[in-house]
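I'll drop the sequence and a predicted model, then ask my questions.
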Amino acid sequence: MRHLALHWQILIGMVVGTLLGVGLNLFAGMRHVTIREGLPSGITMASVIDTSARTEIRYTRVDGQETLRVVDPLTRAAGEVTAVDALAKLDPIAHEIYQAHGVSLAKRLGLWCKRIGGLFLRLLQMVAVPLIVTSLVSGILGLGGGEGVGRMFRRTLTYYVITSMLAICTGLLMVNLVRPGLRGAAPPLGAENATGHAASLGDVLFSQIEALIPNNPLGALVAPDFLSIIAFTILFSLFTLRVGGTVLERVREAASVGFEVMMAMTTAIIHLAPIGVFFLIAYVTATQGVTVFKALAWYVLAVSLGLGIHACITLPLIVRFFAKRSPLEFARAMSPALLTAFSSASSNGTLPLTMSSVEQRAGVSNRTGSFVLPLGATINMDGTALYEAVAVLFIAQMHHGQNLPFSQQIIVAFTALLASVGAAGIPHAGLVMMVIILQAVNLPVELQGVILAVDRVLDMARTTVNVWSDACGCAVVESLESATPVVHPNSHA
Ligand code: ASP
């Protein structure tokens with residue numbers, strides 16, 4: 001195993017983890033028990049049927065009164081809930097019975113896998129902030145003054161906007177072709193599952209601008225608030241360049257020393273990726289059965305097709321023509337980051353891996369990588385933008401029984417772009433931002449409940465596309481930068 005290239009090790013971890021999880025789900029994913037002892041006081045008998053798709057808890061009180069509680073991610077029925085956490089609030093007794101006696105072996109082991117895989121994610125989070133700061137400072141100090149930074153910033157933003165719009169167009173095309181919401185296989189709608197609260201588009205955008213000016217930079221480091229950290233670090237570096245002289249030399253020295261150490265630490269952590277990925281994927285496959293996907297199969301298909309086209313056709317073409325690189329080799333170099341993005345569903349969590357893969361395996365310079373990637377992990381989310389567009393149109397198709405008119409689809413496209421900029425690089429962030437788009441086209445936000453059941457797996461796929469697009473952006477910006485070389489006495493790459 002030790003002689004095998006890292007991406008093969010991670011791939012093996014992923015495949016073995018998937019097999020284990022699916023096996024657990026098949027053979028230990030169901031539990032049916034009748035309990036007469038050890039119940040909460042006042043309860044004489046209880047029974048639980050637990051499967052990955054649905055859980056039923058029935059209990060009888062001393063006075064003979066019987067209660068039935070159902071947890072089903074696809075439920076729209078009154079009095080039923082979509083998640084175990086919601087059950088704890090609705091009926092603490094049922095929740096207690098379920099936790100003590102009813103959880104299937106697959107779910108129990110799955111949650112342990114999540115905790116162990118979580119250790120790997122914690123290690124990545126541990127290095128993220130110091131790595132971003134040292135990398136960004138040493139990268140910008142090598143950019144050669146204000147114009148160098150300005151030019152790279154313009155190029156980076158242009159890349160972000162163009163690829164996100166391409167992703168959204170692909171998504172719209174897919175949802176109009178596949179028409180998942182008009183196929184009648186989706187679960188019935190109801191208004192029970194209110195998710196998230198509504199924030200207006202203006203509010204969201206303004207809060208992004210506010211985040212660019214942290215009132216306490218140290219607080220932003222502690223939070224950690226990535227947009228604030230990036231904004232402050234860029235300013236700090238620009239003013240270091242302006243002060244110049246020995247100050248510049250010292251800051252550059254300190255940043256590059258810190259960066260070297262953080263990179264060494266990250267590289268060491270990355271060697272744990274095969275194990276981390278194994279546990280994370282085993283958790284997802286053990287706890288989520290295939291049943292939940294069946295009802296939403298057309299929708300999952302539309303999102304997956306869109307993501308597949310963007311990741312395997314559009315972005316590789318951009319890499320081939322604008323970065324003049326082999327997309328396949330570039331993807332191979334990026335595979336540790338892509339596979340980790342897939343299993344963790346977090347761009348921010350994957351960031352240290354993305355940075356080291358881009359710089360150490362794909363040969364992109366630190367000045368490009370350290371600028372394009374942290375910014376990209378926060379604001380460039382092609383996969384999320386595409387997913388938002390498909391999901392909202394799917395919901396609209398189910399709600400209205402027909403496609404949204406073209407003018408409304410334009411609004412969806414535009415708000416999806418902004419929502420993807422606003423989404424944090426953490427699991428399920430896209431789901432939260434979707435509220436904005438639903439509101440923009442007057443759809444009830446409760447309808448989002450329908451797609452909750454399959455969000456995790458789609459989150460994994462869209463996060464991979466988000467990270468892949470950031471990496472491709474690095475290759476493109478790097479190639480454009482090298483076409484216009486920066487001549488600076490102190491520049492370093
Ligand atoms: N999980 C995604 C990411 O980290 C964001 C999203 O939910 O779409 O990139």
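In hand now; what should we look at? Residues are numbered from 1 along each chain as shown.

Report pLDDT for the residue lying closest to residue 287 once chain neighbours are set aside.
In space, and not counting its chain neighbours, residue 287 is closest to residue 110: 4.0 Å by CB to CB, 6 or more residues apart in numbering. C-beta coordinates here come from the backbone N, C-alpha and C atoms, glycine included. Residue 110 is assigned a pLDDT of 92 by the prediction.

and the strand or helix carrying residue 390, what other elements does it pack with?
Following DSSP states H and E, one finds residue 390 within helix 382-400. Helix 382-400 makes packing contacts with helix 145-178, helix 297-309, helix 406-422, helix 429-440, helix 455-483 when contacts are defined by 3 or more CB pairs under 8 Å, 6 or more residues apart in numbering; DSSP states H and E.

after the longest one, next one along is what?
Reading on from helix 145-178 to the C-terminus, the next helix or strand found by DSSP H and E is helix 201-211.

I'd like to know which elements that next one is packed against.
Using 3+ CB pairs under 8 Å, 6+ apart: helix 201-211 touches helix 226-243, helix 406-422, helix 429-440.

start to end distance for stretch 265-281?
24 Å (CA to CA, to the nearest Å).

tell me the angle the helix or strand the residue nearest to residue 287 falls within makes with helix 145-178.
Assigned by DSSP H and E, residue 110 falls within helix 105-141. Put simply, helix 105-141 runs at 150 degrees to helix 145-178, going by axes from the mean of the first three to the mean of the last three CA atoms, to 10 degrees.

Show me what counts as buried in helix 105-141.
106-107, 109-110, 113-114, 116-118, 120-121, 123-125, 127-141 (16 or more other CB atoms under 10 Å).

That one and the ligand in contact?
No: Helix 105-141 stays clear of the ligand (CB under 6 Å from any ligand atom), getting no nearer than 11.7 Å.

Check stretch 158-165 too.
No: Stretch 158-165 stays clear of the ligand (CB under 6 Å from any ligand atom), getting no nearer than 12.3 Å.

ok, the closest residue to the ligand within the chain - contacts?
Going by CB to the nearest ligand atom, the ligand is nearest to residue 430 of the chain, at 2.7 Å. Listed by CB atoms under 8 Å, 6 or more residues apart in numbering, the contact partners of residue 430 are 381, 384, 387, 388, 419, 420, 423, 459, 462.

Give me the distance between whatever helix or strand residue 249 lives in and the centre of its chain.
Using DSSP H and E, residue 249 maps to helix 245-270. Put simply, helix 245-270 sits 28 Å off its chain's centre (CA atoms, centre = their mean, to the nearest Å).

angle of it against helix 105-141?
Going by the same axes, to 10 degrees, helix 245-270 makes 160 degrees with helix 105-141.

Okay, the residue nearest to residue 287 and residue 31: tell me how far apart.
To residue 31, residue 110 is 13 Å away according to CB to CB, to the nearest Å.

Residue 252 too?
Noted for residue 252: a distance of 60 Å to residue 31, by CB to CB.

can you list the residues of the protein near the ligand?
345-347, 381, 384, 423, 425-430, 459, 462-463, 466.

Buried ones among those residues?
Buried, going by 16+ other CB under 10 Å: 345-347, 381, 384, 423, 425-427, 429-430, 459, 462-463, 466, out of the residues of the chain next to the ligand.

Kindly reformat the helices and strands packed on helix 201-211 as a markdown table containing mean pLDDT.
Putting the helices and strands packed on helix 201-211 into a markdown table (pLDDT from 0 to 100) gives the following:
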| stretch | mean pLDDT |
| --- | --- |
| helix 226-243 | 86 |
| helix 406-422 | 86 |
| helix 429-440 | 82 |
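
and these, which is most packed in?
Of all the helices and strands packed on helix 201-211, helix 429-440 carries the top mean neighbour count, a mean of 23, counting by mean count of other CB atoms under 10 Å.

Would you mind putting the CA coordinates of that one into CSV?
Provided in CSV are the C-alpha atoms of helix 429-440 (Å, rounded to 0.1, in the frame of the first residue of the first chain):
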residue,chain,number,x,y,z
ALA,A,429,-24.5,25.4,2.5
GLY,A,430,-26.1,25.4,-1.0
LEU,A,431,-29.4,24.2,0.5
VAL,A,432,-29.5,27.2,2.8
MET,A,433,-28.9,29.7,0.1
MET,A,434,-31.6,28.2,-2.1
VAL,A,435,-34.2,30.1,-0.1
ILE,A,436,-33.1,33.3,-1.9
ILE,A,437,-33.8,31.9,-5.3
LEU,A,438,-37.1,30.3,-4.4
GLN,A,439,-38.2,33.7,-3.1
ALA,A,440,-37.0,35.5,-6.2
